[in-house]
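Asker: Build the 3D model from these lines:
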Amino acid sequence: MNGTAVCDTTATSSCEMDLSGALQSEIQYLRNKVKELESQNAKLSALLSNCHCQQGNGASSTLESRGLAEEVGRLNLGCKEVNMRKTREINSGHCTTAMLDLPKRYVALKIMYFGQRFYGFASEAQMDPTVESEVFKALDKTRLIFGNKKELQYSRCGRTDKGVSSVGQVIALYLRSNLKQFKGNNGCCGENGESCGEIDYVRVLNKVLPVDIRVLGWSPVPIDFSARFSCLSRVYKYFFWRGNLDVMAMETASQKFVGEHDFRNFCKMDAANVHNYRRHIISFEMFPCNESFESDQLWVMKIRGSAFLWHQIRCMVAVLFLIGQGFESPNVIDLLLDIERMPRKPQYIMAPEIPLVLQCCEFEGVRFFCSSDAKQALHEHLVRECLSYKVQATIFHEALLSFSSTEYDNNAMKTRTRRKEASYVPLISRPTEPSYEERRTKLDARIQTRE
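Answerer: Purely as a prediction, here's the structure:
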């Protein structure tokens with residue numbers, strides 16, 4: 001534990017010393033030049049003070065002396081400004097030339113975040129904050145990166161949507177390192193990645209990240225690694241309260257998703273960027289969790305796939321909920337997966353985003369390290385956050401109990417349920433969205449018009 005702390009402190013000091021050393025010769029040269037000019041100015045001033053010339057020549061000499069003095073003053077001021085600017089660059093860590101000379105290595109980071117306050121993961125979103133933007137702020141602040149995303153060879157595994165959380169998101173990029181040589185994919189790290197003298201990336205970043213974002217671990221990876229394309233599979237979990245849902249019917253229907261299918265009726269179509277809507281679902285499981293509230297049980301759907309379309313999970317879950325409520329038959333899944341019979345997606349509302357979690361991204365040969373002291377700090381942080389959420393849940397529970405039973409009109413609730421069932425429109429009878437071909441035709445026409 002102490003070894004890792006010393007490693008990190010040494011890393012920061014080493015960076016500042018390297019930056020300072022890279023600029024020391026230039027600063028020293030400027031200082032010597034200032035002293036030389038000041039010495040020349042002093043000699044000139046002494047000579048001029050002893051000069052007994054005529055009035056005209058004396059005035060001219062005085063003007064020349066003043067001009068020389070002003071020039072030396074300007075040079076002196078300029079050199080001081082250069083010194084101050086170089087010092088600021090060293091302190092702020094923005095001296096790219098010196099940073100390029102520092103050791104670096106290609107690293108994968110595993111990240112968790114609670115997505116409720118973020119507008120998705122990717123910083124390309126039109127709104128702030130995003131998880132990615134907060135991560136890069138922390139990387140800049142800790143002086144672990146230099147250059148743009150292309151220079152860093154940056155990649156991310158998934159682009160989770162607004163409100164979606166993750167406990168296993170993975171990104172990859174070049175980070176500053178304490179080491180000048182590495183030994184393959186495993187570098188020279190010990191069991192916990194702390195005996196190699198490397199920077200404790202987990203501890204350093206978690207010190208400056210917001211409380212709802214944490215780095216869980218890091219791993220050295222080869223330079224041809226891509227967090228997106230090297231991923232073998234992604235696992236999502238969707239949590240829900242069982243209530244009166246027919247989970248047996250939902251389980252039967254969920255197995256129809258397993259395998260390779262065209263999921264264009266179970267996603268938000270992006271005709272401009274996506275042309276192939278076939279995806280492979282490896283497994284789809286449903287099981288209860290060890291959490292309950294009064295007489296209700298928390299359940300989870302666990303979906304493993306090679307890749308997913310935009311909003312695919314939430315669309316699949318939405319249809320399963322309709323089946324669990326008895327509004328649709330499990331056979332509706334077969335119909336929606338048959339794009340010959342159902343070429344257009346019927347209109348329906350997606351499942352809420354908050355219960356959706358990116359559980360993990362699976363790679364071959366990638367092992368994430370977390371030093372023992374960073375792991376302990378992470379554990380303590382998560383315990384505190386968990387207790388905080390439990391306090392909030394208790395407050396809401398007390399508010400619920402404060403209502404008297406007479407404020408709930410069970411008969412009225414039953415009446416509303418019957419009306420909802422009577423007014424329900426089956427999916428196959430609903431208005432449909434434009435097909436992929438129709439969207440592409442419209443998009444192509446728009447492009448041609450602009451040209």
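
Asker: In PDB, could you pull the C-alpha coordinates for the biggest strand by length in the chain?
Answerer: Criterion DSSP state E: the longest strand present in the chain is strand 278-293. What follows is strand 278-293, C-alpha atoms only, in PDB (Å, rounded to 0.1, in the frame of the first residue of the first chain):
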ATOM      1  CA  ARG A 278     -28.700  -8.100 -37.800                       C
ATOM      2  CA  ARG A 279     -27.300  -8.700 -34.300                       C
ATOM      3  CA  HIS A 280     -26.500 -11.800 -32.300                       C
ATOM      4  CA  ILE A 281     -27.900 -12.400 -28.900                       C
ATOM      5  CA  ILE A 282     -25.800 -15.000 -27.000                       C
ATOM      6  CA  SER A 283     -28.100 -15.500 -24.000                       C
ATOM      7  CA  PHE A 284     -31.100 -13.900 -22.300                       C
ATOM      8  CA  GLU A 285     -31.800 -14.800 -18.700                       C
ATOM      9  CA  MET A 286     -34.400 -13.700 -16.100                       C
ATOM     10  CA  PHE A 287     -34.000 -14.300 -12.400                       C
ATOM     11  CA  PRO A 288     -35.000 -12.700  -9.000                       C
ATOM     12  CA  CYS A 289     -32.500 -10.600  -7.000                       C
ATOM     13  CA  ASN A 290     -32.000 -10.600  -3.200                       C
ATOM     14  CA  GLU A 291     -33.900  -7.400  -2.800                       C
ATOM     15  CA  SER A 292     -37.600  -7.000  -2.000                       C
ATOM     16  CA  PHE A 293     -39.900  -4.200  -0.900                       C
END
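
Asker: Tell me how confident the model is about whichever helix or strand comes after that strand, as a mean pLDDT.
Answerer: Later in the chain than strand 278-293, the nearest helix or strand by DSSP states H and E is strand 296-305. Per-region confidence: strand 296-305 scores 96 on mean pLDDT.

Asker: contacting residues around the next helix or strand after strand 296-305?
Answerer: Following strand 296-305 in sequence order, the next helix or strand is helix 312-324 (DSSP H and E). Residues outside helix 312-324 that contact it (Cβ atoms under 8 Å, 6 or more residues apart in numbering) are 236, 238, 240, 245-247, 249-250, 253-254, 257, 263, 265-268, 279, 301, 303, 328-330, 332-333, 336, 348-353, 356, 427. From N, CA and C alone the C-beta is placed, and that goes for glycine too.

Asker: any idea of the angle helix 312-324 forms with strand 278-293?
Answerer: Put simply, helix 312-324 runs at 60 degrees to strand 278-293, going by axes from the mean of the first three to the mean of the last three Cα atoms, to 10 degrees.

Asker: Next, the angle strand 296-305 makes with helix 312-324.
Answerer: Here helix 312-324 points in a direction 130 degrees away from that of strand 296-305 (the same axes, to 10 degrees).

Asker: ok so Arg228 is a strand residue?
Answerer: No - Arg228: not assigned to a strand; according to DSSP: H, G, I helix; E, B strand; the rest coil it is coil.

Asker: what number of residues lie near it?
Answerer: Around Arg228 sit 15 other residues, with neighbours defined as other Cβ atoms under 10 Å.

Asker: that older thread, for the longest strand of the chain, give me every contacting residue.
Answerer: Residues outside strand 278-293 that contact it (Cβ under 8 Å, 6+ apart): 233, 239, 241-242, 247, 250-251, 254-255, 257-263, 297-309, 312.

Asker: any idea how far Phe263 is from the closest residue to Trp241 other than its chain neighbours?
Answerer: Nearest non-adjacent residue to Trp241, counting by Cβ to Cβ, 6 or more residues apart in numbering: Asp296, 5.0 Å away. Distance, Asp296 to Phe263, by Cβ to Cβ, to the nearest Å: 31 Å.

Asker: These two: which is more packed in?
Answerer: Each of Asp296 and Phe263 has its neighbours counted (other Cβ under 10 Å); Phe263 has more, 22 against 12.

Asker: Report the buried residues of stretch 314-329.
Answerer: 314-325, 327-328 (16 or more other Cβ atoms under 10 Å).

Asker: Could you identify the most distant pair in those?
Answerer: The span of these, defined through Cβ to Cβ, is set by Arg314 and Phe327 at 17.5 Å.

Asker: show me the contacts for the residue nearest in space to the middle of the chain.
Answerer: Nearest residue to the geometric centre of the chain (Cα atoms, centre = their mean): Glu132, 2.9 Å. Glu132 makes contact with 121-123, 156 under the criterion Cβ under 8 Å, 6+ apart.

Asker: still on that earlier bit, narrow the contacts of strand 278-293 to just the buried residues.
Answerer: By neighbour count, with 16+ other Cβ under 10 Å, these hold 242, 247, 250-251, 254, 257, 261-263, 299-301, 303-305, 308-309, 312 as buried.

Asker: So the chain: which segments form each domain?
Answerer: 2-95, 103-220, 243-352+422-445 (automatic domain parsing).

Asker: Give me whichever of those is most buried.
Answerer: Ranked by mean neighbour count, those are led by domain 103-220 with a mean of 19 (mean count of other Cβ atoms under 10 Å).

Asker: low-scoring stretches of the chain, by residue?
Answerer: Scanning the chain for pLDDT under 70 picks out 1-30, 44-45, 47-101, 125, 181-195, 400, 402-422, 451.

Asker: Quick one: the strands in it, in order.
Answerer: Along the chain, the stretches classed as strands by DSSP E are 104-113, 155-156, 165-176, 213-220, 233-241, 259-262, 278-293, 296-305, 356-362.
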